[in-house]
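K.L.:
Kindly generate the corresponding structure for this input.
(2 chains)
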Amino acid sequence: MISSKRTKCPTPSRWLAAALTVNAITAQPALAAPITFNTALPVASGEFLARQQFIVNQSGDDPSGLNRDRMAKTSVTVLGYGASPKLALFGVIPYHDTSLSLTRPDGQRVTRSASGVGDITLFGRYTLLQHDEKGKNFRFAPFAGVVVPTGVDDKRDAIGVLPAAVQPGNGSWNPLFGVITTYQTLNYQIDAQLSHKIINTTNGFDAGDVTRLDASLQYRLWPRSLKGRVPGFLYGVLETNLIHQQKNAIGGASDPDSGGTRLFITPGIQYVTQRWIIETAIQIPVVQDLNGTALENDYIARISARFNF
Amino acid sequence: MKNIITHAIVIGMLLLAPMHGAFAQTTEYKIRVDGLACPFCAFGIEKKFNKIDGVKFIDMDLDKGIVTVEADSVKLDDAQLKKLFQDAGFTYRGKQESVK
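P.N.:
Predicted coordinates for the structure are as follows:
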């Protein structure tokens, strides 16, 4: 049960009730939502929400013999606005700090790194189907957007221009589209997303297009009963991320050591109140069917918070 | 003469006193809403009610799908509530109202 009081309360009992319910507002449970993708974020018409994520992406399983080790730390700010009851607009602003170490053929170990604002993603989601019942709902929504080349893509160090895997930006306008569906009850929520991102050529380099299928289950672990007022909801989260990337092309020639398919299993946990959510998850690669000597992921760790304005 | 005026004022106030209650009466609305499954989403409902002058109490029972609103000096009608819940992302089903 959620309740709130306006500040205009005419009697002492109302003031007492107000004080109690203000406490309830700040401590009430809220919606779970996927941790590894942003397209299911709920936002009411005329309202704003924000999500701040910190992501550590570690890759170090290198079949090439160069002993490559890549660490990408990313801060991602997501802002959402409900333009209408059905249309929501989102902006995703990343800040990257990436380093890549490798052993050169002469035996020297080198580390190359870069940091900066990455490419901003803008997208809109339109709720095409909505079915509501008591204590449950279903949503189906296509979304589309574009990745804007706001990040620098030609950073250099003492050796020369940094490789694309280290650059904060990609340098091209990249459209993306997909569908997101959500089924939500008081006890659990299921989200599934299918998306595709077309990555265009820049400076002769064409990163492979990315297709991904993501699913998320959020199950209320605590409290088990909804009777009475509770301090918050604790959700157990299990997500899967199937990601396929086509091979890169350099100067029009396909790179045999790039692209492939990854499957992540992502356990996580969320603590949810009415106005904020804190959550963490770790993406564990269980299948990495990569081409040639493409670098394999070790893990992707995420921690994030979400706020209702 | 002064006493007569004073008495008239006192009597007048006594006669008008019950009408004050009539103007300040509180109406309680029990509103049935479908799709209400998460308080994070429900926060949008609370914000929209808080923008209406006269609304002074909002209470949501997720388990029953009932939003309880108490309001002074404002009448909440079906069209207004339907739009409010639609904007918040839910489906308005109906209301019962009573004077407290």
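
K.L.:
What score does residue 95 have for pLDDT?
P.N.:
All of this refers to chain A. pLDDT for A:Tyr95: 98.

K.L.:
wait, chain B
P.N.:
So B:Lys95 comes in at 96 (pLDDT).

K.L.:
what ranges do the helices span in chain B?
P.N.:
In chain B, the segments counted as helices under DSSP state H are B:2-23, B:39-50, B:78-88.

K.L.:
er, chain A actually
P.N.:
A:12-26.

K.L.:
By mean pLDDT, point me to the weakest helix or strand of it.
P.N.:
helix A:12-26 (a mean of 34; mean pLDDT, DSSP states H and E).

K.L.:
didn't A:Asp214 look like it was pressed against A:Gln193?
P.N.:
Yes: with contact defined as C-beta atoms under 8 Å, A:Asp214 counts as touching A:Gln193 (4.5 Å). Bear in mind the C-beta positions are built from the backbone N, C-alpha and C, glycine included.

K.L.:
anything in contact with each of those two?
P.N.:
A:Pro34, A:Phe37 (C-beta atoms under 8 Å, 6 or more residues apart in numbering or on different chains).

K.L.:
if I look at B:Ser73, how far off is A:Phe233?
P.N.:
B:Ser73 is 36 Å from A:Phe233, where distance means C-beta to C-beta, to the nearest Å.

K.L.:
try A:Ile190
P.N.:
Taking C-beta to C-beta, one finds A:Ile190 at 16 Å from A:Phe233.

K.L.:
Of those two, give the one with the bigger neighbour count.
P.N.:
Set A:Ile190 next to A:Phe233 and count neighbours by other C-beta atoms under 10 Å in any protein chain shown: A:Phe233 wins out with 26 against 16.

K.L.:
Per-residue pLDDT of the more buried one, please?
P.N.:
Looking at A:Phe233, its pLDDT is 84.

K.L.:
Same check on the one 3 residues further on?
P.N.:
Looking at A:Gly236, its pLDDT reads 96.

K.L.:
What are the neighbouring residues in contact with it?
P.N.:
With C-beta under 8 Å, 6+ apart, A:Gly236 has these contacts: A:Gln218, A:Tyr219, A:Leu221, A:Pro267, A:Gly268, A:Ile269.

K.L.:
mind putting these in a markdown table, pLDDT, distance to chain B and neighbour count included?
P.N.:
Shown next, in a markdown table, are these (pLDDT from 0 to 100; distance: C-beta to the nearest C-beta, whole Å; neighbours: other C-beta atoms under 10 Å in any protein chain shown):
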| residue | pLDDT | distance to chain B | neighbour count |
| --- | --- | --- | --- |
| A:Gln218 | 95 | 10 | 28 |
| A:Tyr219 | 94 | 13 | 14 |
| A:Leu221 | 92 | 15 | 13 |
| A:Pro267 | 98 | 21 | 14 |
| A:Gly268 | 98 | 17 | 23 |
| A:Ile269 | 97 | 16 | 15 |
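
K.L.:
and these, which of them are in strands?
P.N.:
A:Gln218, A:Tyr219, A:Leu221, A:Pro267, A:Gly268, A:Ile269 (DSSP state E).

K.L.:
bridging residues for the residue nearest to the fourth one when sequence neighbours are not counted?
P.N.:
Closest residue to A:Pro267 apart from its sequence neighbours, by C-beta to C-beta, 6 or more residues apart in numbering or on different chains: A:Leu238 at 5.8 Å. For A:Leu238, the beta-bridge assignment (DSSP bridges) gives partners A:Leu217, A:Pro267.
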